[in-house]
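Chemist: okay, predicted coordinates and the sequence, questions at the end:
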Amino acid sequence: MVPDLRPKLAFVLFLSVCAFAFDWQILLPLIALVLLFPFALPSYHPASDRARHLFFRFILFSIAISGAIIVLNGWILQTGERVEVLPGISLFSDGLLFGVRTAARLLLLSFSVLLFFSSTPIPTCINALQQSGLPRTVVLMLLLTLHFLDSLPERINRIFMAQEARGAPVRAGFISRTKAFFSILSPLLLSSIAESVDRGVALELRGFLLEMAPSAKPELPAQPFSPLTILLLAASFFILVISIARWLLP
Amino acid sequence: MKLSEQFTKETSGAAIPFIAFCIALNLTVGQVTSALKIPIYLDSIGTVLTAVLVGPLAAATAGALSNLLASAMGSPTMAFFVPVSLVIGLFSGTLARRGWFKQWYLVVLGGALQGVLAAVCSAPISAYLFSGVMMAGTDFLVLYFRSVGNTIMESVFYQGLASDPVDKIITYLIVFLLMRNLPRRLTGRFAGAANIPSRSA
Amino acid sequence: MAPSITLESVTYRYAPGTAPALSDLSISLPGGTCCAILGPTGSGKSTLVQLLAGILAKHHPESVGEGSLTIGDHRYTPLPNDILFPDVGLTLQDPYVQISGIRETTRKEIELTLETLGRDLVNEGGNIERLMHQLGITHLAARKPTTLSGGETQRVALATILIANPDVLLLDEPATALDYGAQANLKLILQSLRGAATVLFTDTHIDLPLEVADYFIVLKAGSLQFGGNRKQFLEHLPDFADLLPVEAWGKVLSALKGDPQSPFVRRIVQAAGLL
């Protein structure tokens, strides 16, 4: 059974629209809400330990960045009230306000996307997409991408070691690093492209990708949109229309 | 539907694993360049490869899927730049169709145009959604342009102009050189085989 | 009933005006035979099996083929331009690329072929188990298919083709990447297929073919050097001493269990320079 991802996606859309439409006073509580979701609702639990780790590391990282954004803006945009934070160093209120706005928007946008992906493993996403009628070729493409993502780092490592064994200065200065990068790029691309073509041939030889092959997609009756999805979509649409109208007619 | 027919035509046969590899390449090369601290991204190299060998629609798909997967794998803001990747894929695919990947000077020119176009497309997104903050080293460049009195939109655009064309020219050149070194046995299978210089016997 | 295969004056060029990769081949194979296609690298062995699988024209749009191919009662003139799976199955030289990489377990990897063909997995459960048992891969059912060894990968790759029950099975250099244990295993598998399908496999060495094949084709630079049954092949064996690697001839002699004093064996030994 594939879970219905539409409420979650609608929620991401709703938060993105909010990030665009509202000022920081509203965004900050929303950010707090997003941070509570993984704890409060089972469907938003991180899907794996790795996802949990990524989620919280990213949150810490982006909160630190936000602090930097606020301070840098307050320092560079020298209009508005002057606030002396340390003797000799003063920040300006307009810049600080702008920094807070930017940071709030950035945090909400990235946290909402992150909330979706950390609680939904990529294979689940792909399954759900297949159920909703994504072409079989695109589904296959995504699954194969995951396979290549698994195998590429190992391949790079192997080529890297081979180059290093031949004396390429992989760990030296900037110019040598750039050179080393290009020296691995060429064998990497040549061998991987050949492999991907052979893989395509092998798939065709198993009847994949043939035009006459019947679709293996199980035909499930389309699930109706849940009330929550409809509510979130309607709210997003409403907020978007209002904010665009306010923007166009001052 | 003409578009879906075109898409099916482009993505038939051996092209599917190749496109998948190109998406993985976008993501992996992006990680390697940042790990090696090289001041170029090359994170659209797979998109351009697809554009040349397969076609514009497949390249747009590869670009969009790369952004979504990057979003899923720890850079959440990438999802908002899907439109830029779509444009890169369509533009480079169209250039390839018109034979711009057959001569090195057209490749350089195409890369430069692509860079400007990418800067134009991404500027409104980073300005309106993120106020120019991408949580990357280039943010300092944006801050610099703003501190000398430009608006956010202008600053983001200037930053894009400063970094995108160089990156795209290098990307285009790598793809061009690669195409000249790939055996015909491989390239001959793709819909875009006519887009690349045939090695004269 | 495994189909017979007939090629009539087949000539194949990868591009117009180039030297032919296959030149004027006429071969007639009875149904159910196990045929070895022998010859050095570049002699056209892979081209021949790919042609029989129908994949050549599709992947080499510039190529030119002449002549006709008959499989069972299906005659292809011009040569087939689309893949003939599931009637004809082909396994490639590199077994690793035949694992799709999109399935979590070996069993699901095998099921993938059936899904593609639109078959009902519930009905096929017994067939999958039987095949996995026959190939000796039952214990790998729950393993991730991309983590298997070379010999295991090859058997799984073979299973992904055999599960569709092809009438014709083509194997491109199945023995090349295998160690001795895995080769012995492959021999048993090929023997068990005898009669059930028409099998053609390519090899650069002569030991495995001598153990399992009952029809032999020898190619040299795209032309047919020899085509005939086991008895005829053994009679002509000394003629191919320059085409087939010398180190294997000792094995040949033991496989033939020949009387070392017989004129036939002496001819072989002389031809191979073993004296």
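Modeler: Nice, I can see it. Numbers count the residues shown, from 1 in each chain, chains lettered A, B, ... in the order given.
Chemist: now do the contacts for the closest residue to chain A within chain B.
Modeler: Proximity of chain B to chain A (Cβ to the nearest Cβ) peaks at B:Ala14, 2.9 Å away. In this view, the C-beta of every residue, glycine as well, is placed from N, C-alpha and C. By Cβ atoms under 8 Å, 6 or more residues apart in numbering or on different chains, the contact list for B:Ala14 reads A:196-197, A:199-201, A:204, B:189-190, C:59.
Chemist: give the residue farthest from the middle of chain A.
Modeler: A:Pro87 (40.9 Å; Cα atoms, centre = their mean).
Chemist: mind naming the longest helix for chain B?
Modeler: helix B:152-181 (DSSP state H).
Chemist: I misspoke; the intended subject was chain A.
Modeler: helix A:174-205.
Chemist: so C:Ser223 is in contact with C:Ala19, correct?
Modeler: No: using Cβ atoms under 8 Å, C:Ser223 is not in contact with C:Ala19, being 11.2 Å away.
Chemist: now do the end-to-end distance for stretch C:96-116.
Modeler: Taking Cα to Cα, to the nearest Å, stretch C:96-116 runs 20 Å from one end to the other.
Chemist: residues of that stretch that come out buried?
Modeler: Across stretch C:96-116, burial judged by 16 or more other Cβ atoms under 10 Å in any protein chain shown covers C:96-103, C:106-116.
Chemist: excluding chain neighbours, give the residue nearest to the residue of chain B closest to chain A in space.
Modeler: Distances taken as Cβ to Cβ, 6 or more residues apart in numbering or on different chains place A:Gly200 nearest to B:Ala14, at 2.9 Å, with adjacent residues excluded.
Chemist: list the residues that contact the residue sitting nearest the centre point of chain B.
Modeler: Centroid-nearest residue in chain B, with Cα atoms, centre = their mean: B:Ser44, separated by 3.2 Å. Counting by Cβ under 8 Å, 6+ apart, B:Ser44 touches B:26, B:63, B:85, B:88, B:118, B:168, B:171.
Chemist: the same query, at a cut-off of 7 Å, please.
Modeler: B:26, B:63, B:88, B:171 (Cβ atoms under 7 Å, 6 or more residues apart in numbering or on different chains).
Chemist: just checking, the third one is part of a helix?
Modeler: Yes: counting by DSSP: H, G, I helix; E, B strand; the rest coil, B:Ile88 is part of a helix.
Chemist: strands along the stretch 1-150 of chain C, start to end?
Modeler: C:5-13, C:22-29, C:34-38, C:64-71, C:74-76, C:88-91 (DSSP state E, counting those that start in this stretch).
Chemist: so the residue of chain A found nearest chain B versus C:Ala196, what's the distance?
Modeler: Closest to chain B within chain A is A:Gly200: 2.9 Å, counting by Cβ to the nearest Cβ. A:Gly200 sits 29 Å away from C:Ala196, taking Cβ to Cβ, to the nearest Å as the criterion.
Chemist: ok, A:Val139 next?
Modeler: 34 Å.
Chemist: neighbour count winner among the two?
Modeler: A:Val139 (17 against 14; other Cβ atoms under 10 Å in any protein chain shown).
Chemist: now do the buried residues in stretch B:185-201.
Modeler: B:186-193, B:195-196.
Chemist: name the nearest residue to the closest residue to chain A within the stretch 51-200 of chain C, ignoring sequence neighbours.
Modeler: Closest contact between the stretch 51-200 of chain C and chain A, by Cβ to the nearest Cβ, is at C:Gly101 (3.2 Å). Take C:Gly101 and drop its neighbours on the chain: the residue closest to it by Cβ to Cβ, 6+ apart is A:His147, 3.2 Å away.
Chemist: can you report how many residues lie near whichever residue of chain A sits closest to chain C?
Modeler: Nearest residue of chain A to chain C (Cβ to the nearest Cβ) works out as A:His147 at 3.2 Å. A:His147 has 20 neighbours, counted by other Cβ under 10 Å.
Chemist: let me know the average pLDDT across the host helix or strand of A:Phe37.
Modeler: Assessed by DSSP states H and E, A:Phe37 sits inside helix A:24-40. Mean pLDDT, taken over the full extent of helix A:24-40, equals 87.
Chemist: quick one: list the elements packing against the helix or strand following that helix.
Modeler: Next in sequence after helix A:24-40, counting helices and strands by DSSP H and E, comes helix A:49-76. In terms of contacts (3 or more Cβ pairs under 7 Å, 6 or more residues apart in numbering or on different chains; DSSP states H and E), helix A:49-76 is packed against strand A:89-92, helix A:93-119, helix B:139-147.
Chemist: the helix or strand bottoming out on mean pLDDT in chain A pairs with which strands?
Modeler: Scoring the helices and strands of chain A by mean pLDDT, DSSP states H and E places strand A:82-86 at the bottom, with a mean of 79. Strand pairing for strand A:82-86, determined by DSSP bridges: strand A:89-92 (antiparallel).
Chemist: tell me the buried residues in the partner strand?
Modeler: In strand A:89-92, counting by 16+ other Cβ under 10 Å, buried: A:91-92.
Chemist: how distant is that strand from the center of its chain?
Modeler: Relative to its chain's centre, strand A:89-92 lies at 34 Å (Cα atoms, centre = their mean, to the nearest Å).
Chemist: same thing with stretch C:40-59?
Modeler: Averaging C-alpha positions (Cα atoms, centre = their mean) puts stretch C:40-59 11 Å from its chain's average.
Chemist: same question, stretch C:93-108
Modeler: For stretch C:93-108, the distance to the chain centre is 19 Å (Cα atoms, centre = their mean).
Chemist: now what about it, what contacts it?
Modeler: Stretch C:93-108 has contacts (Cβ under 7 Å, 6+ apart) with A:140, A:143-144, A:147, A:195, A:198-199, A:202-203, C:91-92, C:109, C:112, C:128, C:137, C:140-146, C:150, C:153-154, C:156-157, C:160, C:172-173, C:176-177.
Chemist: what of stretch C:47-60?
Modeler: Contact with stretch C:47-60 is made by A:201, A:204-205, B:13-14, B:188-189, C:12, C:14, C:21-22, C:37, C:63, C:65, C:79-84, C:88, C:90, C:170, C:172, C:200, C:202, as judged by Cβ under 7 Å, 6+ apart.
Chemist: how far does that stretch stretch from start to finish?
Modeler: 11 Å.
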